[in-house]
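Trainee: Take this sequence and fold it.
(one chain, ligands or ions: 1)
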Amino acid sequence: MKFFIDTANLAQIKEAHDLGVLDGVTTNPSLMAKEGIKGEAAIIKHYEDICEIVDGDVSAEVLSTDFKSIIEEGKKLAAIHPNIVVKVPMIKDGVKAIKWFTDNGIRTNCTLVFSAGQAILAAKAGAAYVSPFIGRIDDTNWDGVELIAQIAQIYSLQGFKTEILAASIRSALHIVKCAEVGADVCTCPLDSILGLLKHPLTDIGLAKFLEDAKKM
Ligand code: E4P
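Mentor: Numbering: from 1, shown residues only. Modelled structure (predicted):
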């Protein structure tokens, strides 16, 4: 399973990259706005900066919602760097755009996916990635990880090549559960990635080893 970091914060991207386990980055308009990125020039520069840190796929989301504008915007985003993957929302014009991008050699990440039906549509259109938002599903008292399992089963049975990118991850446990049910990628906040490190027995064991090492 690949690890992407779900942020537009350059310091956090660098920290995850320096850990040596980072395979890519996902961003969205909320994450970009949080970093104060405003205007086309600043957006392009920010994606260039991210691509300089990470040698892996970087999802850049379109802000348009009609077919023609999604295509124009997506072409511009894809031209920034070969690792840019155009992130397109799961709407009618989005699906049409994903098919167009697929036919024209531009890779896409279909975002805002909350059902297996939407995931089938994304795969049929040729999306490179499909992004089910598991944390937001959990917030509505449904099981987000179950959706990942369902999509994994369908994709495997049907031979779809689209990679399942588990998004809206809220904890290290989410990452483990997604790995268990066959997610191809988890995109996570830095805290969830670092959360994988934690175990009290590791801390207790290390303290004892360091204490005993003084007697060596
Ligand atoms: C990533 O591609 C998604 O935009 C992101 O994971 C959404 O996460 P959130 O539900 O924490 O905003």
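
Trainee: Would you report the backbone torsion angles of the residue most central in space within the chain?
Mentor: Nearest to the mean C-alpha position of the chain, counting by CA atoms, centre = their mean, stands residue 187 at 3.7 Å. Taking degrees, to the nearest 10, you get phi -110, psi 120 for the backbone angles of residue 187.

Trainee: how near is it to residue 167?
Mentor: Per CB to CB, to the nearest Å, residue 187 is found 5 Å from residue 167. Quick note: C-beta positions are derived from backbone N, CA and C, even for glycine.

Trainee: Look at the residue nearest to residue 175 when sequence neighbours are not counted and give its secondary structure.
Mentor: Excluding the flanking residues, the one nearest residue 175 by CB to CB, 6 or more residues apart in numbering is residue 186, at 5.0 Å. Look at residue 186: counting by DSSP: H, G, I helix; E, B strand; the rest coil, its state is strand.

Trainee: you'd agree residue 189 is up against residue 9?
Mentor: No - the criterion here is CB atoms under 8 Å, and residue 189 misses it with residue 9 at 9.7 Å.

Trainee: Quickly list what's touching both of residue 187 and residue 167.
Mentor: 6, 26, 131 (CB atoms under 8 Å, 6 or more residues apart in numbering).

Trainee: give me every residue that touches the last one.
Mentor: With contacts defined as CB under 8 Å, 6+ apart, residue 131 is in contact with 26, 87, 109-113, 165-167, 187.

Trainee: just those that are near the ligand?
Mentor: Among the contacts of residue 131, the ones lying near the ligand by CB under 6 Å from any ligand atom are 26, 111, 167, 187.

Trainee: Just flag the most distant two among those residues.
Mentor: Between any two of those, the greatest separation by CB to CB is 10.4 Å, found for 111 and 187.

Trainee: quick one: the helices in the chain?
Mentor: 10-19, 29-34, 40-53, 67-78, 92-103, 116-125, 134-138, 144-158, 172-181, 190-195, 200-213 (DSSP state H).

Trainee: Please name whichever of those helices is nearest to the ligand.
Mentor: helix 134-138 (4.7 Å; CB to the nearest ligand atom).
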